[in-house]
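Visitor: Pasting the sequence and the predicted coordinates here, then a few questions.
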Amino acid sequence: MTKKEFLNAVSNGKVDILQIFLDAISNLGADYCVIGGLAVNAYAEPVVSLDLDVVVAIKDVESFCETASKYFKIQHFTHSINLSSSESDLRIQLQTDSRYQEFIPRAKIHNVLGYDMNVADVKDVLDGKVWAYSDTERRMSKRQKDLADILRIVESFPDLMDQLSDTIRNKIEL
């Protein structure tokens, strides 16, 4: 079983939703980068996630949503646009918080679970995870996953420990 087949099996994919997403964004020529747990997988031992967190260049969001609406149900929220399909349990979230826009120019192509995708730089992924962990309005279970992702990054890149606050450093106790 290939990595792609594994991810599609885990996400109950009747079709390869992630590839459909990547093809749509590529065909549009939109600037983007992957953040979140799948981005962590580009830099640390992979962990299965049914979430794909992405930043699309603000100039491309509207046209991408128009294109994506052919394949996905689209829901708009305060800081995100969620894409879903009855063909898969994979959840795609376009992050619209403007802080993430600066990640796009530093992103590079990485192979993550068999897919070539533009992934935010490891320092940016860490920043995003710190922001998510620090958001006290998020569910505690999500925040704990963010903390685990922070730990996964600094285990692979110990020099990034200095980028963390004392509070977070004390919580991960390396």
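Guide: Cool, the structure landed.
Visitor: all contacts plus neighbour counts: C-alpha atoms, from now on.
Guide: Fine.
Visitor: I'd assumed D149 was in a helix, is it?
Guide: Yes: under DSSP: H, G, I helix; E, B strand; the rest coil, D149 falls within a helix.
Visitor: What are the neighbouring residues in contact with it?
Guide: By Cα atoms under 8 Å, 6 or more residues apart in numbering, the residues touching D149 are 37, 40, 129.
Visitor: Looking at those, which one is closest to D60?
Guide: The nearest member of those to D60, counting by Cα to Cα, is G37 at 23.0 Å.
Visitor: ok, back up a step: with pLDDT and secondary structure added, can I get the contacts of D149 in CSV?
Guide: Listed next are these as CSV, based on pLDDT from 0 to 100; DSSP: H, G, I helix; E, B strand; the rest coil:
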residue, pLDDT, secondary structure
G37, 92, helix
V40, 96, helix
K129, 97, helix
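Visitor: Let me have those in CSV, adding neighbour count and distance to D31 as columns.
Guide: Below are the contacts of D149 laid out as CSV (neighbours: other Cα atoms under 10 Å; distance: Cα to Cα, whole Å):
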residue, neighbour count, distance to D31
G37, 23, 20
V40, 25, 20
K129, 24, 21
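Visitor: pLDDT value on L174, please?
Guide: pLDDT for L174: 54.
Visitor: actually L7, not the one I typed
Guide: 85.
Visitor: hmm, back to that, check the contacts of D149 against N111 and report the nearest one.
Guide: Using Cα to Cα, V40 comes nearest to N111 of the contacts of D149, at 11.7 Å.
Visitor: how far away is that closest one from E62?
Guide: 27 Å (Cα to Cα, to the nearest Å).
Visitor: Then K73?
Guide: For K73, the distance to E62 - Cα to Cα - is 14 Å.
Visitor: For V54, what are phi and psi?
Guide: Dihedral angles of V54 (phi, psi; degrees, to the nearest 10) stand at phi -140, psi 150.
Visitor: Tell me how many other residues surround M1.
Guide: 7 (other Cα atoms under 10 Å).
Visitor: Please read the previous query as pertaining to N82.
Guide: Burial measure for N82: 19 neighbouring residues, criterion other Cα under 10 Å.
Visitor: Begin at 36 from now on, thanks
Guide: Yes, from this point I'll number from 36; that puts the last item at N117.
Visitor: Now whichever strand or helix holds it - C-alpha only, PDB.
Guide: If you go by DSSP states H and E, N117 is part of strand 115-120. Extracted C-alpha coordinates of strand 115-120, given in PDB (Å, rounded to 0.1, in the frame of the first residue of the first chain):
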ATOM      1  CA  SER A 115     -11.300  30.200   7.800                       C
ATOM      2  CA  ILE A 116     -13.000  28.700   4.800                       C
ATOM      3  CA  ASN A 117     -13.800  25.000   5.200                       C
ATOM      4  CA  LEU A 118     -13.900  22.700   2.200                       C
ATOM      5  CA  SER A 119     -15.500  19.200   2.600                       C
ATOM      6  CA  SER A 120     -16.800  16.400   0.400                       C
END
